[in-house]
Structures are given as C-alpha cells and as structure tokens.
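Peer 1: What would the 3D arrangement of this be:
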Amino acid sequence: MTQPPDPFVMILTLGGTIASMPSRAGADLVEPLLTADDLLASIGRPDGIAALRAERILSLPSGDLSFADIGALAQRVREVIDQDACGVVITQGTDTLEETAFQLDLLLDVSQPVVVTGALRNPTLPGADGGANLLAAIRVAGAPAAKGLGVLVVMNDEVHAARFVRKIHSYKPSAFASPAAGPLGWIAEDRVRIALRPAQASPTLSWRENAPDIPIMTMGLSTTAEIFRPLLSNPPAGIVIAGFGAGHTPSGTVEAIGALASKIPVVLASRTGSGEVFSRTYGYPGSESDLLGRGCIGAGELDPLKARMLLALLLGEGADQNRIRQAFAHY
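Peer 2: The predicted model follows:
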C-alpha cells in the first residue's frame, strides 16, 4: 500500500529585512540578498514540528511588491497545500506586510494555516528578530490549533488575524498590533496558544490578474475640495477617503465627493486606523451620514489600506456597485 506523504511546512520567501545582508552598494547599507535556503539554515532543525521546505519566490523590498505578485503567490500557496503541506510561511519586508496578508486572506479559501512574517532588525544587527519570528511562524503554521483562522501574521511571538493587524511603529520589534481586536494568540515555551477565533471568515474573492491602483485621499485640517478636482476630470476606477474620526470630512469637500460618488465607487474609511466608520450618528455636512447619503460606501472596521485592497480586488473582478456594497457590509 502506498504511504501518504509526510506533512511539511513550506517557507516561501519574498525578500525584505529578514533576508537582508550588507549591500553591494556598501556604506553600511543592507538589501535583500539571502535565499530561502539561507533563511532555513539560520534556524537549524527545530524540534517537534513538521519537515521544512523552502523556496524563494522573489527577492525585493516589500514596497516593490504588486497586486499581481501576491495573486501569483496565492496560487503557489494553493499548489503546495495540494502537495500536502500542512502549513505555509511567507517571509517579506514589513513595510507592506499587512497588505500582503490581507490580500492573501481575500484570495485563499484553505483550512491549513498560512502565516506571514518578517523582521524589523536585519541579520547584521544585535538583537536581530528575523530568526525568532521565522521559527514562531513555522510553529504556528504547523499547529492544528491554527487551522481555519484565515491568513495570520506572526511577529514578536504574537498571532494576529490579517484583517485586524497593522504596522504601528516604523522600527521597533513590537511594531505589529491589532488595535481593534487584539492578537488571536501567542507563542510561549514553543507552544502555540490560540485564545480567540474570528466569528466569521473574510469573503473569498477571485484573482483575475488585474486590480486597479486605487488612490487614498487623506483628510487633514483645512483640506479643501481642490484635492478632488483632478479626479473629477479624470476619475480613477475608485477611491478611498481616509476621513476624520468615525468617517468625516470638511464641509467644503462634500459636493466634490458626491460628484465623484456618482461616477465611481468612493469608500469612506477612518484615518485613525482603528474603530468602525459610523453610519447614523452625526448629521452635519461632511458627517458620515451626509457622505453615505451622497453615495459613499462605508468601510466598516477596515482601515484605509485594507479598504483600498478590498476595493481594488473587487474592481479587478468586475464587481458593480451593489456587489461592492455587499462586500464592504461584511465588515
């Protein structure tokens, strides 16, 4: 009788600080040069987890990753899971890590853990955190308790849901947090502890090898309608407004925003990055109820970056306004 293949955790690498070494440009700079095998060799052979395999997908700073790169990565994740991977770890730079995780969460419908991790301190520095984060991510990817949680981010021994996690500091190892919900769990003494499970999964979208570049328009004190004028004459596929508080803009912008919302999807998020956009609390011009009444779509709990991701993928699918509203209503 043919024996089933042994389970394994696949590590897919994209570059970033975790894979950085002294730059060919010199001057004490670093760039992503380490291979997938280099990263695997850096942690040795951990006890008590499945066999490990590693594959380099890309070697880039994370700001150079694209929707198409992550769409192709999602397909590779499906392939290795079909080859009996019990979990997948993805390493990349932290600048766009939360966006990669959320795009994967929207594109993947798998029960096996898919974990994204990286590093804040490159391997040449004292206290480099890449090895510890990679090892923790591998333990989560191989843990039965992590199944069915959607895509996860593991940093600093914490387990975060892709839909909630944010980078909240530019360089500290504790840079990742989930302000709206807290972490789902943690790693202690090499054991994975899952304390919370999301009540519902993110809706799964299809990847059509196309997603438009959606601008985010951030509101600030004294912002005027002038920032919207170029968009009125040459509208993009859609926009996200990062509004004040629970979803507000200066009163002088509302006519321009309403004109845009009559032409393209306009999603209203909060620039605070945490908390829901309201729908029926304030009633002045530029309030959330005013803007929604002018055709804007509330982002719910999604911050502007995640709202941009969801809108771009929906438009790439060819979704109409009703479909877009239904998708955002999930949040």
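Peer 1: going forward, measure contacts and count neighbours with C-alpha atoms only.
Peer 2: Fine.
Peer 1: Okay, now the unreliable bits of this structure?
Peer 2: Low-confidence segments of the chain (pLDDT under 70): 1-5.
Peer 1: If we use 80, what do you get?
Peer 2: Residue ranges of the chain with pLDDT under 80: 1-6, 24-27, 45-50.
Peer 1: Helices of that one, residue ranges please.
Peer 2: Taking DSSP state H, the helices of the chain run over residues 36-42, 67-82, 97-107, 130-141, 229-233, 254-261, 288-293, 304-317, 321-329.
Peer 1: quick one, domains of this protein?
Peer 2: Per automatic domain parsing, the structural domains of the chain span 8-194, 216-329.
Peer 1: related to what we said a few turns ago, just the helices of the chain: most buried one?
Peer 2: helix 130-141 (a mean of 26; mean count of other Cα atoms under 10 Å).
Peer 1: residues in contact with it?
Peer 2: Contacting residues not belonging to helix 130-141 are listed as 9, 18, 39, 42-43, 46, 49, 86-89, 91, 112-123, 146, 153-157, 187, 190-192 [Cα atoms under 8 Å, 6 or more residues apart in numbering].
Peer 1: one step back: nearest to residue 240, out of the helices of the chain?
Peer 2: Smallest distance to residue 240 across the helices of the chain (Cα to Cα): 6.1 Å, for helix 304-317.
Peer 1: For that closest one, C-alpha coordinates in CSV please.
Peer 2: Taking C-alpha atoms only, helix 304-317 is exported to CSV below (Å, rounded to 0.1, in the frame of the first residue of the first chain):
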residue,chain,number,x,y,z
PRO,A,304,-7.8,52.8,4.6
LEU,A,305,-5.1,50.4,3.4
LYS,A,306,-7.3,47.3,3.8
ALA,A,307,-10.3,49.2,2.3
ARG,A,308,-8.1,50.0,-0.7
MET,A,309,-7.1,46.4,-1.1
LEU,A,310,-10.7,45.1,-1.0
LEU,A,311,-11.9,47.7,-3.4
ALA,A,312,-9.1,47.0,-5.9
LEU,A,313,-9.7,43.3,-5.9
LEU,A,314,-13.5,43.8,-6.3
LEU,A,315,-13.0,46.1,-9.2
GLY,A,316,-10.5,43.6,-10.7
GLU,A,317,-13.3,41.0,-10.5
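Peer 1: Report the angle between that helix and helix 67-82.
Peer 2: Using axes from the mean of the first three to the mean of the last three Cα atoms, to 10 degrees, the direction of helix 304-317 lies 80 degrees away from that of helix 67-82.
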